[in-house]
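[1] sequence? don't have it. structure:
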């Protein structure tokens, strides 16, 4: 595949989960520097020169839609959200409408990702020699991953048996890793402790560790 044909990435933002490990709080409403987490994640993607942005909502969809008001994104509802994250990936991929070379599968709770991080990933995919790219920091794999658009049809054709993780595990030869300049791709918010740690980092507390494992 030529370098030119690898240009143009759309994003699917997964925002349908129940935040079960957050102690009864919908984590997507938590403020990150004064902006609700879901809105911050969507705004970051909307400013990142992507072809298209699809946001998949499910749990408390009315709340999610309120948080997304004014953001240029296609919002789709996953009524099967309780059946796992892959159902949201399926709905997001199915909702894509514009031609693109790759699809970035994004988690809505990666509070440290910024526009520069997303652009680094998009630029990395433009020269990626394989059809799947995974960002890493010091050897540890993170998110968001990027898939060639061609994988969309494979996943949609076998929604029950083939997820992104299984696709990667079954086809390691298709995966290229992209070394990132920071640990933002490793950080997501699953627990109250994770949120507290990230807020400590964002507030510039010198006592905060350089890297906080907040994946639970």
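    Here it is on my side, so go on. Here the structure is a predicted model, which is why all the values come from computation and not from measurement. Residues are numbered from 1 along each chain as shown.
[2] Could you identify the helix or strand that succeeds the helix or strand bottoming out on mean pLDDT in the chain?
    Ranked by mean pLDDT, DSSP states H and E, the helix or strand of the chain with the weakest confidence is helix 164-170, at a mean of 82. Sequence order places strand 175-179 as the next helix or strand after helix 164-170, per DSSP states H and E.
[3] so how far is that following strand off the chain centroid?
    16 Å (C-alpha atoms, centre = their mean, to the nearest Å).
[4] Can you point out the buried residues in stretch 134-152?
    134-135, 137, 142-149, 151-152 (16 or more other C-beta atoms under 10 Å). Any C-beta I mention is one placed from the backbone N, CA and C, and that applies to glycine too.
[5] And those, which is closest to residue 181?
    residue 137 (8.3 Å; C-beta to C-beta).
[6] Against residue 197, how distant is the closest one?
    Residue 137 sits 16 Å away from residue 197, going by C-beta to C-beta, to the nearest Å.
[7] returning to what we had before: show me which of the buried residues of stretch 134-152 is closest to residue 65.
    residue 144 (21.9 Å).
[8] The nearest residue to the closest one once chain neighbours are set aside: neighbouring residues, count only.
    Among residues not flanking residue 144 along the chain, residue 106 sits closest, at 4.3 Å (C-beta to C-beta, 6 or more residues apart in numbering). Residues within reach of residue 106, counting by other C-beta atoms under 10 Å, total 28.
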